[in-house]
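Participant: I need the structure of the sequence given here:
(one chain, ligands or ions: 1)
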Amino acid sequence: MVMSSYSRIAFAIMALAAVTVNAAKPKVSIRFPKDGATFPDGQTQTYVMGNVIPPSAAVTCNGEPVAVHPKTGGFVFMRELQYGVNRIELVSGDVSAVCTVKRQLPVPKAASAISPYTLREPTGVMTGESVRLVCLTLPGRKVYAKVGKESIQLQESADHPGTYSASRAWKNTTEKPLPVSYYGNGLETAEAGTLEVRNEWPNCEVNGPRYEVRFRSLPGDGDTLGFPETGLVLKTTGYSGNHIRCRVGDRDYWIARDYTRTAEGKPAVNEIPDPSTGFAPYPAAGKKPRDILVVIDPGHGGSDTGAIGPTGRMEKDANLLQATAIGKALKKAGFKVEYTRTKDVAVGLYERVRLAVKHHADAFISVHHNATAASTDPREVRHFISFGWNERGLGLAAALHPGIAAVSGVSDRGVRPNSLAVCRNPAVPSCLIEFDFINEPEGEYEIFNNTSRRKAYADAVVKGMLQWLGTAEREKKAAEK
Ligand SMILES: [Zn+2]
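Facilitator: Model prediction:
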């Protein structure tokens with residue numbers, strides 16, 4: 001190749017430029033997964049998230065090119081997980097970042113194993129109460145439950161082969177908890193919990209903080225049925241594991257044992273007081289913005305970072321930025337505003353709820369940013385969503401949601417009920433808004449750099465609040481008719 005003197009100069013400049021780029025090597029970082037992470041055997045893929053500086057540098061992962069955000073250098077992509085060790089190597093020029101993760105091998109299940117289905121936990125019941133004994137194993141066997149010294153034959157279900165059950169009531173009180181196991185011919189015996197039968201169980205008294213102690217429809221699970229006040233005395237009818245079963249009226253309520261103490265001799269209540277007593281059913285009805293106190297709750301804080309984005313930016317900071325913008329806009333429109341935090345500090349979930357109750361707030365808005373689980377590609381699910389739990393919280397979310405959705409620029413998943421600690425507050429209409437996905441490169445970029453969208457979100461919340469005042473007014477009038 002022959003060079004003119006002009007191209008020789010150009011070549012020299014280019015060579016100089018190449019040397020300069022070499023001097024400032026690209027920097028590749030992997031933010032997720034963490035090096036050394038272990039995934040369960042059932043997880044077949046994970047997202048890999050990180051960034052490269054400068055964003056113009058080409059990146060490959062195990063030889064495959066990686067798409068990079070043009071402004072931040074952020075990237076996210078999916079990678080299959082093989083059993084055992086998986087090496088993820090990102091290369092840009094002559095620099096690389098390596099992350100080694102493990103996917104657990106499946107644990108082989110013995111063909112002759114029995115899985116206890118009921119009475120897995122120590123259980124207490126009333127004398128004469130029917131107790132279900134259920135276990136799962138191979139079909140077509142003779143299977144028994146042993147309770148104390150007594151053996152009870154179980155029947156196999158015609159609809160569900162391999163499921164064996166029997167119901168039985170104990171007429172007499174047991175002196176102490178009886179060990180329970182399930183066994184059968186050619187099957188390994190499975191030890192389960194214990195069974196304790198009594199005529200009477202001592203009353204219990206609630207001694208945990210209100211709005212944290214919950215009545216559940218099932219032990220440790222199920223729906224939230226209410227929030228008992230400290231000092232409430234309840235009739236108990238047994239237990240399962242570390243949950244006590246209480247009977248009020250004709251309904252069972254489960255409550256964590258840690259939040260109770262025995263209250264022998266104290267009379268139990270016949271009715272559960274409504275925890276929203278003292279709070280108006282339509283708190284905002286007929287009020288002007290100056291009468292309305294809104295508690296704005298920037299999620300996470302301090303050591304609780306919340307979700308993390310490709311360049312390492314944190315949800316707790318995103319939440320504070322967005323929450324502050326909302327608070328300012330509400331104040332400008334005449335609303336009274338309190339924050340659960342204004343700095344980067346840790347605040348407990350129930351502390352946030354109690355603050356709203358203490359202030360007798362009219363509305364509580366929790367500000368969050370979303371992220372996907374490790375096995376889900378955030379590029380495919382990036383959306384906008386709002387949550388409430390009870391009717392009042394869902395009503396507030398429904399008023400705020402459409403305006404915010406209109407400016408979000410991402411797909412709209414609507415208002416959904418969700419049993420979240422900050423949404424369950426029975427005293428204050430409470431909702432939680434997930435503004436965008438932080439673990440998606442464009443989402444992270446927009447959250448921290450699109451200040452006009454942040455302002456538009458804040459204005460949409462103001463509009464929604466004004467709309468909510470009108471809705472509350474209409475609902476109140478309709479209820480009075
Ligand atoms: Zn969050």
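
Participant: so the chain: which segments form each domain?
Facilitator: Domain assignment for the chain by automatic domain parsing gives 26-103, 115-198, 204-262, 289-476.

Participant: turn those into TSV, columns for mean neighbour count and distance to the ion.
Facilitator: No exception for glycine: its C-beta is placed from N, CA and C like everyone else's. Formatted as TSV, the domains of the chain follow (neighbours: other C-beta atoms under 10 Å; distance: least, C-beta to the ion, whole Å):
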stretch	mean neighbour count	distance to the ion
domain 26-103	16	16
domain 115-198	16	32
domain 204-262	17	19
domain 289-476	20	4
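
Participant: could you identify which of these has the lowest mean pLDDT?
Facilitator: The weakest mean pLDDT among the domains of the chain belongs to domain 204-262, with a mean of 91.

Participant: tell me the centre residue of this protein?
Facilitator: L420 (7.1 Å; C-alpha atoms, centre = their mean).

Participant: element containing it, please.
Facilitator: Using DSSP states H and E, L420 falls within no helix or strand.

Participant: name the SS class of R454, please.
Facilitator: Following DSSP: H, G, I helix; E, B strand; the rest coil, R454 is assigned to helix.

Participant: contacting residues for it?
Facilitator: Contact analysis of R454 by C-beta atoms under 8 Å, 6 or more residues apart in numbering lists 321-322, 325.

Participant: could you export those residues as a markdown table, including secondary structure?
Facilitator: A markdown table is the format used below for these (three-state DSSP):
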| residue | secondary structure |
| --- | --- |
| L321 | helix |
| Q322 | helix |
| A325 | helix |
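
Participant: tell me the one of those nearest K109?
Facilitator: Q322 (47.4 Å; C-beta to C-beta).

Participant: contacts for stretch 274-291?
Facilitator: With contacts defined as C-beta under 8 Å, 6+ apart, stretch 274-291 is touched by 210-211, 226-227, 229, 292, 330, 333-336, 360, 362-363, 392, 426-429, 465-466, 468-469, 472-473, 475-476, 479.

Participant: rerun that using 7 Å as the cut-off
Facilitator: With C-beta atoms under 7 Å, 6 or more residues apart in numbering as the test, stretch 274-291 has contacts from 226-227, 292, 333-335, 362, 426-427, 429, 468-469, 472-473, 475-476.

Participant: try stretch 307-318
Facilitator: Against stretch 307-318 from outside (C-beta under 7 Å, 6+ apart): 31, 49-51, 72, 74-76, 300-301, 304-306, 344, 369, 371, 438-439, 441, 444, 447-448.

Participant: take those residues and keep only those in strands.
Facilitator: 31, 49-51, 74-76, 369 (DSSP state E).

Participant: so G93 sits against P26, correct?
Facilitator: Yes - in this structure, G93 is within contact of P26 by C-beta atoms under 7 Å, at 5.6 Å.

Participant: which residues do the two both contact?
Facilitator: Common neighbours of G93 and P26 (C-beta under 7 Å, 6+ apart) are A57.

Participant: please enumerate the helices of this structure.
Facilitator: Under the criterion DSSP state H, helices of the chain are mapped to 5-23, 315-332, 349-358, 378-381, 391-408, 441-449, 451-480.

Participant: for these, give me CSV that also has distance to A263.
Facilitator: Below are the helices of the chain laid out as CSV (distance: least, C-beta to C-beta, whole Å):
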stretch, distance to A263
helix 5-23, 75
helix 315-332, 41
helix 349-358, 24
helix 378-381, 49
helix 391-408, 32
helix 441-449, 50
helix 451-480, 38
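
Participant: select, out of these, the one closest to E150.
Facilitator: Comparison of these against E150 by C-beta to C-beta identifies helix 349-358 as nearest, at 44.9 Å.

Participant: and the closest one, what does it pack onto?
Facilitator: The contact analysis (3 or more C-beta pairs under 7 Å, 6 or more residues apart in numbering; DSSP states H and E) places helix 349-358 against strand 293-298.

Participant: please save the CA atoms from the strand it packs on in PDB.
Facilitator: Listed next in PDB are the C-alpha coordinates belonging to strand 293-298 (Å, rounded to 0.1, in the frame of the first residue of the first chain):
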ATOM      1  CA  LEU A 293     -51.300  15.400  55.300                       C
ATOM      2  CA  VAL A 294     -49.500  13.100  53.000                       C
ATOM      3  CA  VAL A 295     -46.700  10.900  54.300                       C
ATOM      4  CA  ILE A 296     -44.100  10.200  51.500                       C
ATOM      5  CA  ASP A 297     -42.000   7.100  52.100                       C
ATOM      6  CA  PRO A 298     -38.800   6.700  50.200                       C
END
